[in-house]
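Asker: okay, sequence plus prediction incoming.
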Amino acid sequence: MKRYYLFLTLIPLSIFAMTLPAAEKTIDYQRAQWDPIHFQPAIASATNKQCLSCHQEVLDRKLQTKSPAGVEAASTLAWYQTLTSYKGPQQTFHQRHLTSDLATQVMDMKCTTCHQGSNPREEAIIPPDQNQDQFTLRKSVNPETCLMCHGEFPDYKRMGLTSHWNSSRDIFQNNCLLCHVGVRTTRHQVNFLKAEAIETAGKKDSDVCFGCHGGRQWYRISYPYPRHAWDGMAKATPDWAKDRPTESHPRFKLQTKKVSKK
């Protein structure tokens, strides 16, 4: 008696999700997680409106009025409230980055600024076609993105300070632009920041500058910011900056409008 065996090839569910007619796409978790918008190239051009059509709860969520120990939130200061640049009550993570007064004033954050998709295939193993450097293992955001604004205060010795900004700020009249008005003047030219608004606000309150350069530190290291060329920049590159990039990551570059030639 002959026996016949049926061998099934494992096919990613994303293939089926991408071929489903729009009318058949019901809002359920299994289909939603494989929706093309969660993968490249669709995620790169996704708008906040598209993301929030399913994830609106990240902005609607409210904070607890009391901690598990019974401490009232209104009577305490969160770490981000210790800087004078933050106004108002405590807010959730996404509210602070998208809808807070400071965020709307000096930032132009989008969902895709931090989130570059969510591939269930990458939850526990590194697929053979996946670049090791880009693999983040269940992290919904690449930590390097967070490091850009939540790193340690850069080495004060490089900047000629006598000590950390926390203790030397009074020597410089608590004004970052006292020196930086003519040093590294090509700054904040990325698509998730409002460069002119930062300069204007920084003149009034140095915590606007310090907030993203050590004031809201999450990490023990600082981000190696690109050294964009500026007017009056020395030709010789200091040793500590020889490995620094000279351009921002392509994903964060400002899009320049092409002028048509007639």
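Answerer: Everything's here; your move. All values reported here derive from a predicted model rather than from experimental measurement.

Asker: which residues of this protein fall in strands?
Answerer: Using DSSP state E, no strands are found in the chain.

Asker: so for the top helix by length along it, mean pLDDT?
Answerer: Ranked by residue count under DSSP state H, the longest helix found in the chain is helix 195-204. Helix 195-204 comes out with an average pLDDT of 95.

Asker: ok, stretch 165-185 next?
Answerer: pLDDT averaged over stretch 165-185 gives 92.

Asker: how about that stretch: buried residues?
Answerer: 165, 169, 172, 175, 176 (16 or more other Cβ atoms under 10 Å). (Each C-beta comes from the backbone N, C-alpha and C, glycine too.)

Asker: show residues contacting that stretch.
Answerer: Stretch 165-185 has contacts (Cβ atoms under 8 Å, 6 or more residues apart in numbering) with 153, 156, 159, 161-162, 187, 199, 202-203, 206, 209-210, 214, 227-228, 230-232.

Asker: filter those down to the buried ones and hand me the PyMOL line.
Answerer: Only the buried entries of these go into this PyMOL selection, using 16+ other Cβ under 10 Å:
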select buried, resi 153+156+161+187+199+202+206+209+210+214+227+228
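
Asker: neighbours of the spatially closest residue to residue 119 that is not a sequence neighbour, how many?
Answerer: Using Cβ to Cβ, 6 or more residues apart in numbering and skipping residues adjacent in sequence, the residue nearest residue 119 is residue 39, 6.4 Å away. Applying other Cβ atoms under 10 Å, we find 18 residues neighbouring residue 39.

Asker: separation between residue 39 and residue 118?
Answerer: According to Cβ to Cβ, to the nearest Å, residue 39 and residue 118 sit 9 Å apart.

Asker: could you pull out the helices in this structure for me?
Answerer: 13-19, 29-32, 48-55, 57-60, 93-98, 101-106, 111-114, 143-150, 165-168, 177-180, 195-204, 207-210.

Asker: quick one: closest of these to residue 239.
Answerer: helix 177-180 (20.6 Å; Cβ to Cβ).

Asker: tell me the contacts of residue 228?
Answerer: 184, 186, 187, 189, 246, 247, 248.

Asker: so the second one touches residue 230, yeah?
Answerer: Yes. Under the criterion of Cβ atoms under 8 Å, residue 186 makes contact with residue 230 at 4.4 Å.

Asker: what sits up against stretch 143-157?
Answerer: Contacts with stretch 143-157, where a contact means Cβ under 8 Å, 6+ apart, come from 113-114, 136, 162-165, 168, 210, 212-223, 225, 240.

Asker: nope, stretch 80-96 is what I meant
Answerer: In contact with stretch 80-96 (Cβ under 8 Å, 6+ apart) are residues 58-59, 61-63, 73-74, 78, 99-103, 201, 205, 207-208, 210-211, 215-216.

Asker: apply 6 Å and report the result again.
Answerer: 58-59, 61, 63, 73, 78, 100-102, 205, 207-208, 211, 215-216 (Cβ atoms under 6 Å, 6 or more residues apart in numbering).

Asker: now stretch 214-222
Answerer: With contact meaning Cβ under 6 Å, 6+ apart, stretch 214-222 is reached by 80, 83, 147, 150, 151, 152, 153, 154.
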